[in-house]
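In: Sequence plus predicted model, see below.
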Amino acid sequence: DAKTTQPTSMDCAEGRAANLPCNHSTISGNEYVYWYRQIHSQGPQYIIHGLKNNETNEMASLIITEDRKSSTLILPHATLRDTAVYYCIVKPQGSSNTGKLIFGQGTTLQVKP
Amino acid sequence: DSGVTQTPKHLITATGQRVTLRCSPRSGDLSVYWYQQSLDQGLQFLIQYYNGEERAKGNILERFSAQQFPDLHSELNLSSLELGDSALYFCASSQMGVMGEQYFGPGTRLTVT
């Protein structure tokens, strides 16, 4: 599975957009980019995933570069409740693969008032 | 609320003992995953079951075993417990075996004394 690189920590002002980068330069064609977050020892929470097109849902937007070597998770209006560890995960989805998630260290996002 | 339930929430036991953690997946989900989160190792995949069959194994010790029952609930059995087994244990479920997002339960916090 492709490895991801994320900054260890980031700060964001409440109400502003939080842009969390992820590098996955060794991603292969059948690998999707997933984002999860974990708020203070709670179970990780699914945010969004995509293959090559940009995706948006009620929680966030995912921007994947054209070469697919990096992506950015955007929380459009961060609130204090968005303070969490954010994990970028690359996961293959062919029938010969499993669904397991390989978590890295993630980015600790601190939203400040 | 993810719809995944785990019991018990907390468990304190002594070294050498055996415990069973229980997970009920979301209604309709066929896959169950177990993850371990310790302070020094981060979130690690242990094992996946899909519709009653083992699908994938990760860093699961031989002292640990799991099964998925016909009603799709799963149990993780930990035996000959050691201090280093103290961790948060999360269960997650998904509809399919490979694709799609996983929904995590609130976890069981195991403390081995």
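Out: On my side now, so go ahead.

In: Point out where chain A drops to low pLDDT.
Out: Per-residue confidence for chain A (pLDDT under 70) gives these ranges: A:1-2, A:94-97.

In: What segments of chain A are helices?
Out: Residue ranges of helices cannot be listed for chain A, since DSSP state H assigns none.

In: can you list the residues of it near chain B?
Out: Contact residues (C-beta under 8 Å from any C-beta of the partner chain) of chain A with chain B: A:34, A:38, A:41-46, A:49, A:87, A:93-95, A:97-105. Glycine gets a C-beta too; all of them are placed from N, C-alpha and C.

In: just checking, which of those residues belong to strands?
Out: The strands in this structure, assigned by DSSP state E, contain A:34, A:38, A:45-46, A:49, A:87 from the residues of chain A next to chain B.

In: Chain B: which of those residues is nearest?
Out: residue A:46 (4.0 Å; C-beta to the nearest C-beta).

In: Quick one: residues contacting the residue nearest to that closest one when sequence neighbours are not counted.
Out: Distances taken as C-beta to C-beta, 6 or more residues apart in numbering or on different chains put residue B:101 closest to residue A:46, at 4.0 Å, once the chain neighbours are dropped. By C-beta atoms under 8 Å, 6 or more residues apart in numbering or on different chains, residue B:101 lies in contact with A:34, A:46, A:49, B:94.

In: partner residues bridging the second one?
Out: For residue A:46, the residues forming beta bridges with it (DSSP bridges) are residue A:36.

In: Test my guess that it contacts residue A:57.
Out: No - applying C-beta atoms under 8 Å as the test, residue A:46 and residue A:57 come out as separate, 9.9 Å apart.

In: any idea which residue sits dead centre in chain B?
Out: Residue closest to the average C-alpha location in chain B (C-alpha atoms, centre = their mean): residue B:34, at 3.3 Å.

In: And residue A:29, its phi and psi?
Out: Backbone torsions of residue A:29, given as degrees, to the nearest 10, read phi -60, psi -30.

In: Contacts for stretch A:43-60 next, please.
Out: Among residues not part of stretch A:43-60, those counted as contacts by C-beta under 8 Å, 6+ apart are A:32-39, A:61-64, A:68, A:71, A:73-76, A:86-87, A:103, B:2, B:4, B:43, B:90, B:92, B:101-107.

In: re earlier: the residue nearest to residue A:46 is in what secondary structure piece?
Out: When secondary structure is defined by DSSP states H and E, residue B:101 falls outside every helix and strand.

In: what about it, distance to residue B:88?
Out: As judged by C-beta to C-beta, to the nearest Å, residue B:101 and residue B:88 stand 20 Å apart.
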